[in-house]
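> Need coordinates for the below:
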Amino acid sequence: MKYHLKAVRFALMLALLLAMTCGPGRTAYAAADGASLDFDRTGSVSLTLKDSDGNAVSDGAVTIYQVAVLYLDDGDMAYAYTEDFADCAETLDVEDSSLAAILAEYVTESEISGTAASVDAEGAVSFDGLELGLYLVVQTTQSTGYNTISPFLVTVPSVENDAWLYDVDASPKVEVYTEPASTETTAPETSTTPKTSTTTKTVSTSTLPQTGQLNWPVPVLAVSGLILFATGWLLVLSERRKERHAA
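The predicted structure follows:
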């Protein structure tokens, strides 16, 4: 009986550890120590635009806006809207995937000025000397033959290998472009109208990939819970059988 109780306790402790490790409350910043942040440093954001074949997408322009400043609240990282965004009523949740589009619309409506840079021949663009905080990246001039990328948010610094990264490569946050597809539309043939055709060039709009919480822990925890439940139930049934035989 004592052996089975120990097994059950061990299984429950294992489930608790799995929940603590994979639970939705953990973020990428949990691995880095907020006290080690260097507020005297500046950072940078760079990104590279490529099409679906990995070719550089040149020309166009990208603008970056500082949405919020970074500060420590009892040792925890926190953000506060800058003066330009002080009247924005949207909750400042850096893990909200819809926040970038909302802020981009706010920028347009409020005519907020940002820092613009041209995309070079290699499809690269970068912004240096950035204060620590949260930034909104918007492509304000589209590249020839392509739609603009979706607005996205990036934090300076970010976390890499449990350390603060002040020079951030934001390219993984931008979905690659899709090659233009051609469709042909033919006008109906009549006795007075010659047969003609027109070609329309269409490009699919890139979308912002979802970031933040990983989905794989969910099925792992679900299966683990079922296994633990079944194990505990079998142990209980086994003990009851032993008690009946002993009686």
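
> Backbone torsions only: list them for the nearest residue to Leu37 once chain neighbours are set aside.
Leaving aside its sequence neighbours, Leu37 sits nearest to Trp164 (Cβ to Cβ, 6 or more residues apart in numbering; 6.4 Å). In this view, the C-beta of every residue, glycine as well, is placed from N, C-alpha and C. For Trp164, the backbone dihedrals (degrees, to the nearest 10) come out as phi -80, psi 130.

> Just give me the neighbour total for Trp164.
Trp164 has 19 neighbouring residues, counting by other Cβ atoms under 10 Å.

> for it, what are its contacts?
32, 36-38, 157-158 (Cβ atoms under 8 Å, 6 or more residues apart in numbering).

> Secondary structure and pLDDT for the residues you listed - can I get that in TSV?
As requested, these are exported to TSV (DSSP: H, G, I helix; E, B strand; the rest coil; pLDDT from 0 to 100):
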residue	secondary structure	pLDDT
Ala32	coil	65
Ser36	helix	88
Leu37	coil	92
Asp38	coil	93
Pro157	coil	95
Ser158	strand	92
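
> will you turn those into TSV that also has neighbour count and distance to Arg240?
As requested, the contacts of Trp164 are exported to TSV (neighbours: other Cβ atoms under 10 Å; distance: Cβ to Cβ, whole Å):
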residue	neighbour count	distance to Arg240
Ala32	19	50
Ser36	8	55
Leu37	17	57
Asp38	11	62
Pro157	21	58
Ser158	18	55
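
> coming back round to it: what pLDDT is listed against the residue nearest to Leu37?
As predicted, Trp164 sits at a pLDDT of 94.
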